[in-house]
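S.K.: okay, structure incoming, though there's no sequence with it:
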């Protein structure tokens, strides 16, 4: 479970652990991640998805310590404001929300296929606002924080569908979901306008992290192909609307190939 140190990741880790699952928690904050691991008596790893070297180290550690991976939850993410780049040279929102989980999943792919795993991607309804340019994934042109986040969330869905196409016949099952408007701290540390909403009384109208985690926990513990459709996108345990581009198999393939190219060069 990446992004497990706070918000819906932490709520889902607690719920799954409470059901007797062996949960490995991954977070960016050493203090929060270690505290949750102690609470759950779970294994933990600290990794900052803004640093691809840490993602590669995380994958190596998981391969070394986990002979089977039944479920991989790619939940780490966030929204930025002003355009920033990571040490790897990529726009931060794109790397943290898409490129890093793409890297982690592909590095673990053989183990995931052997385990007949479920791979869950946390996306967002903002995928509907995406204006994805496959030739400018790092948004060097026409940048805005909301566009970067929306594009990354559409990329999550396209990645899910291409992952299912490539490995579904071998037993892997991929799915994405929208947790809803959840009162979390995911926009902290940025100058995004979203941060203002999360600091007003409107926050009281949002879902709790536990409510937002419900669909994630359901996907992790239910039966692919019976309870939900592999390659699908869900909200509140039901099929959710997606951007028109989400059904474009060529776009999903091109995004995968372009992501591989970006990782090979930076």
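M.R.: All right, it came through fine. A quick note: this is a predicted structure, and the numbers were derived from the prediction, not measured.

S.K.: please make it C-alpha for all contacts and neighbour counts, starting now.
M.R.: Fine.

S.K.: contacts only, for the closest residue to residue 107 other than its chain neighbours.
M.R.: Take residue 107 and drop its neighbours on the chain: the residue closest to it by Cα to Cα, 6 or more residues apart in numbering is residue 59, 6.4 Å away. The neighbourhood of residue 59, defined by Cα atoms under 8 Å, 6 or more residues apart in numbering, consists of 104, 107, 108.

S.K.: tell me how many other residues crowd the first one.
M.R.: It stands for residue 104. When neighbours are counted by other Cα atoms under 10 Å, residue 104 registers 22.

S.K.: what of the second one?
M.R.: Residue crowding around residue 107 was assessed by other Cα under 10 Å; the count is 17.

S.K.: if I look at it, how far off is residue 58?
M.R.: 10 Å (Cα to Cα, to the nearest Å).

S.K.: these two touch, right, residue 126 and residue 155?
M.R.: No. Under the criterion of Cα atoms under 8 Å, residue 126 makes no contact with residue 155, lying 11.3 Å away.

S.K.: helices or strands up against the helix ranked longest in the chain?
M.R.: With secondary structure taken from DSSP state H, the chain has its longest helix at helix 145-167. Packing partners of helix 145-167 (3 or more Cα pairs under 8 Å, 6 or more residues apart in numbering; DSSP states H and E): helix 92-94, strand 118-122, strand 173-177, helix 249-265.

S.K.: on that earlier part again, which of the contacts of residue 59 lies closest to residue 134?
M.R.: Closest to residue 134 out of the contacts of residue 59 is residue 104 (20.7 Å), distances taken as Cα to Cα.

S.K.: any idea how far the closest one is from residue 210?
M.R.: Going from residue 104 to residue 210 by Cα to Cα gives 26 Å.

S.K.: bridging residues for residue 176?
M.R.: residue 121, residue 233 (DSSP bridges).

S.K.: please report how far it lies from residue 71.
M.R.: According to Cα to Cα, residue 176 and residue 71 sit 13 Å apart.

S.K.: what is the mean pLDDT for the longest helix of the chain?
M.R.: If you average the pLDDT over helix 145-167, you get 98.

S.K.: and the angle from that helix to strand 173-177?
M.R.: Here helix 145-167 runs at an angle of 160 degrees relative to strand 173-177 (axes from the mean of the first three to the mean of the last three Cα atoms, to 10 degrees).
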